[in-house]
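Peer 1: Quick one: sequence and predicted model below, then my questions.
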Amino acid sequence: MTQTGAALDFARAFAEAAIDRKAERVVALDVAGLTSFTEAFVIASGGSDRHVRAVADAVIERAAALGRAPLGVEGYEGGEWVLIDLDDVVVHVFQHEKREHYDLERLWADAPATWFEAGEGGAVQRRSAP
């Protein structure tokens, strides 16, 4: 794993990739002090199985551009919840209903959260939930 600051930089890059593909409710959670298996989560939503896969593809492409390959990708075929394990960052791309059901933000409520939204020229950070 990398140091937390680098992990959060990668998380931001993956959040931006998700937003580039029109993902919704994109958030990065800093879980470094809460778990030993990763340092950050990125959580995003898509409106359909095709949209979820397109967002996952964008994240995987951005990772490759940054010289990183996923350790694993789960759920891609079904397109309801795709998990991309990038070691120090784990990206979750959900269809809306699955995201509400699993509610990872509630499960990891102690993790500092950074929300992202589309802005001119790319993703824009914001501090409060949508």
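Peer 2: Looks like it came in fine. Predicted model only: the values in this text are computed from it and were never measured.
Peer 1: My read is that Glu117 contacts Ile19, right?
Peer 2: Yes: contact criterion C-beta atoms under 8 Å: Glu117 and Ile19 qualify, at 7.2 Å. All C-beta atoms are positioned from the backbone trio N, CA, C, and that covers glycine.
Peer 1: More neighbours: which of those two?
Peer 2: Ile19 (21 against 14; other C-beta atoms under 10 Å).
Peer 1: Tell me if I am right that the more buried one is in a helix.
Peer 2: Yes: looking at Ile19 with DSSP: H, G, I helix; E, B strand; the rest coil, it is inside a helix.
Peer 1: pLDDT score for it?
Peer 2: Ile19 carries a pLDDT value of 94.
Peer 1: Test my guess that it contacts Ala118.
Peer 2: Yes: if you go by C-beta under 8 Å, Ile19 and Ala118 touch, sitting 5.2 Å apart.
Peer 1: Need phi/psi at the most centrally placed residue in the chain.
Peer 2: With distances taken as C-alpha atoms, centre = their mean, Val42 lies nearest the centre of the chain, 2.4 Å away. Backbone torsions of Val42, given as degrees, to the nearest 10, read phi -120, psi 130.
Peer 1: Now do the contacts for it.
Peer 2: 11, 14-15, 18, 26-29, 59, 89-92 (C-beta atoms under 8 Å, 6 or more residues apart in numbering).
Peer 1: In helices, which of the residues you listed fall?
Peer 2: Among these, the ones falling in helices (DSSP state H) are Ala11, Phe14, Ala15, Ala18, Val59.
Peer 1: Show me where this structure dips below the pLDDT cut-off.
Peer 2: Counting by pLDDT under 70, the chain contains low-confidence ranges at 1-4, 120-130.
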